[in-house]
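Engineer: Need the 3D shape of this:
(one chain, ligands or ions: 6)
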Amino acid sequence: MFTTALLSLAFAAAPALAHFHLNYPPPRGPFVAQMELSFCSDYPTGARSPFPLDSGFVDITSEHPSAIVGFYISFDADPTTFVQFNTTDNGTSYPMLKPFFSMNWEGELCLPVDAESVGLPIVNGTNATIQVQFNGGDGNLFDCADVVLITNYTVPSTASCSNSTAATSGSSASPITSIPTATPPAAATGSPTASSSSAALALQPASVGLLAVVGAALALTI
Ligand SMILES: *[C@@H]1O[C@H](CO)[C@@H](O)[C@H](O)[C@H]1NC(C)=O
Ligand SMILES: *[C@@H]1O[C@H](CO)[C@@H](O)[C@H](O)[C@H]1NC(C)=O
Ligand SMILES: *[C@@H]1O[C@H](CO)[C@@H](O)[C@H](O)[C@H]1NC(C)=O
Ligand SMILES: *[C@@H]1O[C@H](CO)[C@@H](O)[C@H](O)[C@H]1NC(C)=O
Ligand SMILES: *[C@@H]1O[C@H](CO)[C@@H](O)[C@H](O)[C@H]1NC(C)=O
Ligand SMILES: *[C@@H]1O[C@H](CO)[C@@H](O)[C@H](O)[C@H]1NC(C)=O
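Structural biologist: Numbers count the residues shown, from 1 in each chain. Ligands and ions are numbered 1, 2, ... in the order given. Below you'll find the predicted structure:
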């Protein structure tokens with residue numbers, strides 16, 4: 001944790017770029033602020049780590065006082081588009097692993113997740129990819145972890161899972177319902193359909209308005 005804090009001080013001197021760290025499950029590659037702007041932080045599908053099938057958790061560190069965060073899950077062997085994070089190979093759509101919520105503190109957040117909650121017939125050994133989408137007020141950031149879902153898997157005690165003290169002293173993580181369910185960045189490969197791009201455009205004004213409020217709040221704190 002101390003290392004993380006020191007790194008964040010170092011990055012604070014760089015041009016303003018909200019960022020976050022995916023601590024658990026283990027991300028595909030090392031944290032690079034600029035890469036987080038892209039789908040899965042621009043890393044290809046990599047080594048899979050075991051992850052609890054029904055009682056996992058996702059742990060991140062936010063370096064912004066306020067952010068909109070959500071978790072997706074894909075069961076594709078090599079997902080390269082957002083559609084593969086809400087639709088199976090045979091066209092069955094399913095919800096997010098954790099719908100968007102607001103995180104109103106800077107620091108660590110550990111949220112329980114249940115891969116079975118998306119309602120697909122997952123079995124011991126099912127491969128999956130978890131993608132975190134994070135927006136601290138200046139655009140969407142992404143990071144991914146490749147996993148294999150294991151029944152009754154016990155997470156190693158070295159994996160960090162806790163909330164910063166700020167989380168328990170006033171602010172909290174609360175559900176967000178007025179946020180687009182996906183905002184694919186230009187870097188995402190694949191071919192967006194006409195309906196998906198118009199849906200993204202239609203949702204844009206609401207998110208811009210909300211983010212403007214977040215941005216204004218951030219400006220006041222500087
Ligand atoms: C599509 O796949 C899911 C599992 O991924 C299965 O539950 C469902 O029955 C399949 N639907 C069709 C129409 O084949
Ligand atoms: C689940 O799969 C893992 C590895 O594939 C295996 O070691 C474990 O015994 C399996 N657990 C159950 C409950 O089948
Ligand atoms: C899961 O992914 C690994 C590669 O990461 C692959 O070798 C394995 O066959 C996959 N398992 C299943 C059940 O598809
Ligand atoms: C998983 O753990 C529960 C209780 O901890 C146990 O009842 C169940 O039999 C276990 N399942 C497997 C497949 O080992
Ligand atoms: C962290 O806070 C969130 C939101 O308040 C809560 O759902 C979660 O259980 C907490 N995690 C831990 C490890 O206490
Ligand atoms: C699935 O994701 C795509 C791409 O982000 C999006 O356009 C579409 O609306 C989503 N579908 C559902 C059912 O959420």
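Engineer: so who does the residue of the chain at minimum distance from ligand 3 touch?
Structural biologist: Residue of the chain nearest ligand 3, by C-beta to the nearest ligand atom: Asn127 (3.7 Å). Every residue, glycine included, has its C-beta placed from N, CA and C. Residues near Asn127 by C-beta atoms under 8 Å, 6 or more residues apart in numbering: Arg48, Phe75, Ala77, Asp146, Val147, Val148, Leu149.
Engineer: Please check which residues sit opposite the fifth one as beta-bridge partners.
Structural biologist: Per DSSP bridges, residues listed as beta-bridge partners of Val147: Ser49, Ala128.
Engineer: hang on, isn't it packed against Thr129?
Structural biologist: Yes. Taking contacts as C-beta atoms under 8 Å, Val147 lies within contact range of Thr129: 7.2 Å.
Engineer: do you know how far Phe71 is from Gln34?
Structural biologist: Remark: distance between Phe71 and Gln34 (C-beta to C-beta, to the nearest Å) = 22 Å.
Engineer: more crowded one of those two?
Structural biologist: Neighbours per residue (other C-beta atoms under 10 Å) separate Phe71 from Gln34, with Phe71 holding more: 21 against 12.
Engineer: on that earlier part again, show the pLDDT at the residue of the chain closest to ligand 3.
Structural biologist: Asn127 is assigned a predicted lDDT (pLDDT) of 98.
Engineer: swap in Thr165?
Structural biologist: For Thr165, the pLDDT comes out at 86.
Engineer: which phi and psi does it have?
Structural biologist: The phi/psi pair for Thr165 (degrees, to the nearest 10) reads phi -60, psi -30.
Engineer: Just give the number of residues close to it.
Structural biologist: 10.
Engineer: Low-confidence ranges, the protein, go.
Structural biologist: Where the chain drops to pLDDT under 70, the residues are 1-18, 169-171, 177-222.
Engineer: what residues does it put near ligand 5?
Structural biologist: Neighbours of ligand 5 within the chain, by C-beta under 6 Å from any ligand atom: Leu109, Cys110, Leu111, Pro112, Cys161, Ser162, Asn163, Ala167, Ser172, Ala173.
Engineer: Having no further points to raise, I will conclude here.
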